[in-house]
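Visitor: sequence and predicted structure below; questions after.
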Amino acid sequence: MNFSKLFRMQKDLDKYIEDKQGLVEESLLERKLMAFQVELAELANETRCFKFWSEKGPSEETIILEEYVDGIHFLLSIGIEYGFDELINIDYPEAIKVSKEDLVEGFFATMKDILYLREENTLAAYEQLFRGYIQLGAGLGFSASDINQAYVRKNEVNHERQDQGY
Ligand SMILES: O=c1ccn([C@H]2C[C@H](O)[C@@H](COP(=O)(O)O)O2)c(=O)[nH]1
């Protein structure tokens, strides 16, 4: 899967947000890493994969996909902060839904990878995080085109939100 188009769209959105919020001179890396952690937890909550005490099923696919691509936004944005955006090319794995237990495992792996990147600041650590999050998406049953379409849609919403003083 070629992420160049999404990286370009993310760069435009980030610039739009930073100009609008007067943040051009500030480093936003720490806050973006935290935002990604928070999105990850929101995604886990929608899948309900860890809620052993509840019989209620997961949220609708579209809601889970939207949460997932919120995470993609921050993943791309973090890559741009590091200057790694030209360097990523990842084969998209086959989309096969995994068990709740495997999802829990996948969420922990991504949390760990975020903290590892924050410590190491290397391309290798970023690639590990990227691959892991993409793997998590495939494990949720999303194809490359699901992610592409949902990302493009949400990116547009994010532009509109800035225009509306979100
Ligand atoms: O620099 C930024 C800041 C935010 N977002 C996007 C990512 C998510 O799609 C959305 C998160 O907004 P909340 O709904 O969590 O407020 O904002 C970016 O793409 N870049």
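Guide: Looks like it arrived, so ask away.

Visitor: need the residues that contact stretch 4-21.
Guide: The list of residues contacting stretch 4-21 from outside it, by Cβ atoms under 8 Å, 6 or more residues apart in numbering, reads 23-24, 28, 72-73, 76-77, 79-80, 85-86, 88, 148, 151-152, 155, 158-159, 162. All C-beta spots, glycine's among them, are computed from the backbone N, C-alpha and C.

Visitor: do that stretch and the ligand meet?
Guide: Yes. Stretch 4-21 comes into contact with the ligand (Cβ under 6 Å from any ligand atom), by way of 13-14, 17.

Visitor: ok now that stretch, how far from the chain's centre?
Guide: How far stretch 4-21 lies from its chain's middle: 15 Å, per Cα atoms, centre = their mean, to the nearest Å.

Visitor: use 37 as the first number for this chain going forward.
Guide: In the new count, where the first residue is 37, that last one comes out as stretch 40-57.

Visitor: for it, buried residues please.
Guide: 42-43, 45-46, 49-50, 53 (16 or more other Cβ atoms under 10 Å).

Visitor: out of the contacts of stretch 40-57, which end up buried?
Guide: Buried, going by 16+ other Cβ under 10 Å: 64, 108-109, 112-113, 115-116, 121, 124, 184, 187, 191, 194, out of those.

Visitor: looking at the residues you listed, which one is closest to the ligand?
Guide: H109 (3.4 Å; Cβ to the nearest ligand atom).

Visitor: could you list every helix and strand in contact with the helix or strand that contains that closest one?
Guide: In this structure, H109 sits in helix 97-118 according to DSSP states H and E. The contact analysis (3 or more Cβ pairs under 8 Å, 6 or more residues apart in numbering; DSSP states H and E) places helix 97-118 against helix 40-57, helix 65-83, helix 159-175, helix 180-199.

Visitor: show me what from the protein comes close to the ligand.
Guide: 49-50, 53, 106, 109-110, 113, 190, 194.

Visitor: reformat the helices and strands packed on helix 97-118 as a markdown table; add mean pLDDT.
Guide: Output for the helices and strands packed on helix 97-118, formatted as a markdown table (pLDDT from 0 to 100):
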| stretch | mean pLDDT |
| --- | --- |
| helix 40-57 | 95 |
| helix 65-83 | 98 |
| helix 159-175 | 97 |
| helix 180-199 | 96 |
